[in-house]
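# dropping a prediction and its sequence here:
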Amino acid sequence: MLELANRRIVLGVTGGIAAYKSAELIRRLKELGADVRAVMTAAAQEFITPLTLQALSGNPVHTTLLDTEAEAAMGHIELARWGDLILVAPASADFLARMAHGHGNDLLTTLCLAARCPLAVAPAMNQAMWAARSNQDNVALLQQRGVHLFGPAEGEQACGDVGPGRMLEPTQLAQLTADLFPRQILTGTRVTITAGPTREAIDPVRYISNHSSGKMGYAIAEAARDAGAEVTLISGPVNLPTPERVKRIDVVSAQDMYAASMNALIQTDIFIATAAVADFRVENSHNQKIKKQHNSSGAMTLTLVENPDIVAAVAKHSPKPFTVGFAAETQDVENYARQKIQRKGLDMIVANDVSRTDIGFNSDQNAVTVIWPEGQQPLELASKAQIARDLVTLISAHYKKAR
């Protein structure tokens, strides 16, 4: 099971014979789905080469605090922000001392100072060094600050001594790393989400659209990613940044979104249609800007034709993904939503009242009712991020039942 899917791990490697195990640790972390970037101290490079860790991680290895090439591509502060966890394995007595006392005289200690994510250390040293009062004080200080301690193990050491100080085995460290993160309920699942409005051209400068901001769909994309899913986001025109670790496909019209959705189905287990797709488009949009007509009536007629119903087409596809629709209504919300479930063949629908000024379009909050053929559950007023997390939990539970 890919328990670390979508997780980013910064692996710090310090000097010591146990550094050779760091290569295997990278393999184990990647097997669990993690993206790994290695940071090596100067002493670590005496035991294992950066090239080895680069080949195993598939990413450049960072070694120098003031490397102009690295700073241009990914500065040390950005690297600290990149990680979901910084794991130092092996962590030498010298490194633990410098970390405990706030040193920032190399790249790895600087990353630990700048990190917003959790920190973990896997000590590796001679048993006498591990037992030394000063080292134990440093370890206790780090633990008081919330640093996670992985090990050490007891056993025979490279120097011939026997006792505590051995670094835990890579398989153990990989599992302890996975255990730090919440269980990912959508690991191994491929989720496609549509979001935002569509724009239906009248002419090159005018279009028909709606007030959708895309915020709900983008929040669901982030929640599904955090739940371990591989996420594809098909987005109409919005002013939102692409969520990290999410594949985004930009579209404009309903026909564009339909084509992108159909293409995505071959790699989709769950399809969540949050987009506010225009129901109609102009039958014959103009290639040039329409000029104002100076006549007695001042009127202009547009002929509209119906757009494809994307979510209904997805629900009819074979094989069918677990299909979740959205019903943005201004009245009789639950009744209209239940009609849509039946008419379109959906597995679930999320209904919300967009006539309310405190939720819905452009708001950062929402309140919805999740409806499925045998029942329903309201999700009370909360941030769209919280609503998205609750939705992903419900969708995951019903998806697994349906399999």
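Structure's in. What do you need? Numbers count the residues shown, from 1 in each chain.
# from here on, just use CA atoms for contacts and neighbour counts.
Fine.
# output the lowest mean pLDDT helix or strand found in the protein.
The helix or strand of the chain with the poorest confidence is helix 68-73; it has a mean of 51 (mean pLDDT, DSSP states H and E).
# now what about the next helix or strand after that one, what contacts it?
Sequence order places helix 76-82 as the next helix or strand after helix 68-73, per DSSP states H and E. Residues outside helix 76-82 that contact it (C-alpha atoms under 8 Å, 6 or more residues apart in numbering) are Arg8, Leu65, Leu107, Thr110, Leu111, Cys112, Ala114, Ala115, Arg116, Cys117.
# at 7 Å what do you get?
Residues outside helix 76-82 that contact it (C-alpha atoms under 7 Å, 6 or more residues apart in numbering): Leu111, Ala114, Ala115, Arg116.
# quick one: the first one and Arg133, what's the gap?
Relative to Arg133, Leu111 is positioned 26 Å away (C-alpha to C-alpha, to the nearest Å).
# what's the answer for the third one, then?
Ala115 sits 28 Å away from Arg133, going by C-alpha to C-alpha.
# again with Ala327
Distance of Ala327 to Arg133, computed by C-alpha to C-alpha: 64 Å.
# those two: which has the busier surroundings?
Ala327 (23 against 11; other C-alpha atoms under 10 Å).
# need the pLDDT of the more buried one.
We have a pLDDT of 86 for Ala327.
# repeat for His398
With respect to pLDDT, His398 has a value of 93.
# the closest residue to Gly214 other than its chain neighbours: what's it in contact with?
Nearest residue to Gly214 in three dimensions, chain neighbours excluded: Gly196, at 3.7 Å (C-alpha to C-alpha, 6 or more residues apart in numbering). Taking C-alpha under 7 Å, 6+ apart, we find Gly196 in contact with Ser212, Ser213, Gly214, Ser235, Gly236, Pro237, Val238, Ala275, Ala276.
# circling back to that earlier point, now the buried members of the contacts of helix 76-82.
When those are checked for burial by 16 or more other C-alpha atoms under 10 Å, the buried set is Leu111, Ala114, Ala115.
# which of these fall in strands?
Within those, no residue falls in strands by DSSP state E.
# what's the longest helix in this protein?
helix 384-402 (DSSP state H).
# that one: which residues count as buried?
Lys384, Ala385, Gln386, Ile387, Ala388, Arg389, Leu391, Val392, Thr393, Ile395, Ser396, Tyr399.
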